[in-house]
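>>> What follows is a predicted protein model with its sequence.
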Amino acid sequence: MKTLIKILALVFITVGGFIAGFILLVLVLGALHSLGIVHGQANQNFYSAVTVFILLVYPAIWIIRTGRALLSFRRSGRWPGIAIASGLFVALNAALLLTKDQPGKVGNGFVIFHLLMILIGVYGVLVLAVTSRNDFVE
C-alpha cells in the first residue's frame, strides 16, 4: 500500500509542477506582450497573465504540498489528497469535459487530457480511501 501512496504522491507533485510551469509560462508571455516583444491576440495581455497567476498559484502550491506530505506518509496529506483528487481532478475535469467548451484548435487531446485527470482523481480517491490511518505517521 505504501508503494501506491508514493506513486500518488509523485503524480500530485508532477501535476502541481506542470501547473506551476504553466503559470510561469503565462506570466513570461504576458510580460513579453506588455513590453511589445510578442504580439498575441487582443485578450492576451499582462492582466490576463496576472489573473491566471492568481487563480492557479494556490491550487498548484496546495497540490505540491499535499504530494510532499503523502510522500513522507504524513496524516496531514490524506484528507487534502482526497479533496484534491475528488474535487479538482474528478469533479472539475468532468465538468469541463461535459461542457465541451474547447479552445479553437484542439482535437482529441482535450478529451484525453480530461479523461487522464479524471482517472488520476479516481485512483487517488481509491488509494486514499482504502488506506488506514496506521499507514501514515503523525
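On my side now, so go ahead. Note that the structure is predicted; figures quoted are calculated from it, not measured.
>>> now the helices for the chain?
Using DSSP state H, the helices of the chain run over residues 2-34, 46-71, 78-83, 93-99, 108-130.
>>> Throw those into TSV and include mean pLDDT, thanks.
Compiled in TSV, these are given as follows (pLDDT from 0 to 100):
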stretch	mean pLDDT
helix 2-34	87
helix 46-71	87
helix 78-83	91
helix 93-99	85
helix 108-130	89
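>>> Residue 136 is nearest to which of the ones you listed?
Distances from residue 136 to each of the helices of the chain were compared by CB to CB, and the smallest falls on helix 78-83, at 6.1 Å. Glycine gets a C-beta too; all of them are placed from N, C-alpha and C.
>>> Check which helices and strands the closest one is in contact with.
The elements that helix 78-83 packs onto, with contact taken as 3 or more CB pairs under 8 Å, 6 or more residues apart in numbering; DSSP states H and E, are helix 46-71, helix 108-130.
>>> chain center to it: distance?
Relative to the chain's own centre, helix 78-83 is displaced by 14 Å; criterion: CA atoms, centre = their mean, to the nearest Å.
>>> Kindly format the C-alpha coordinates of that helix as CSV.
This file holds the C-alpha atoms of helix 78-83, laid out as CSV (Å, rounded to 0.1, in the frame of the first residue of the first chain):
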residue,chain,number,x,y,z
ARG,A,78,-4.6,12.3,3.5
TRP,A,79,-7.8,14.4,3.6
PRO,A,80,-6.4,17.2,1.4
GLY,A,81,-5.4,14.4,-1.0
ILE,A,82,-8.9,13.1,-1.1
ALA,A,83,-10.2,16.7,-1.6
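>>> Go through it and flag the buried ones.
By neighbour count with 16 or more other CB atoms under 10 Å, helix 78-83 contains the buried residues 78, 80, 81, 82.
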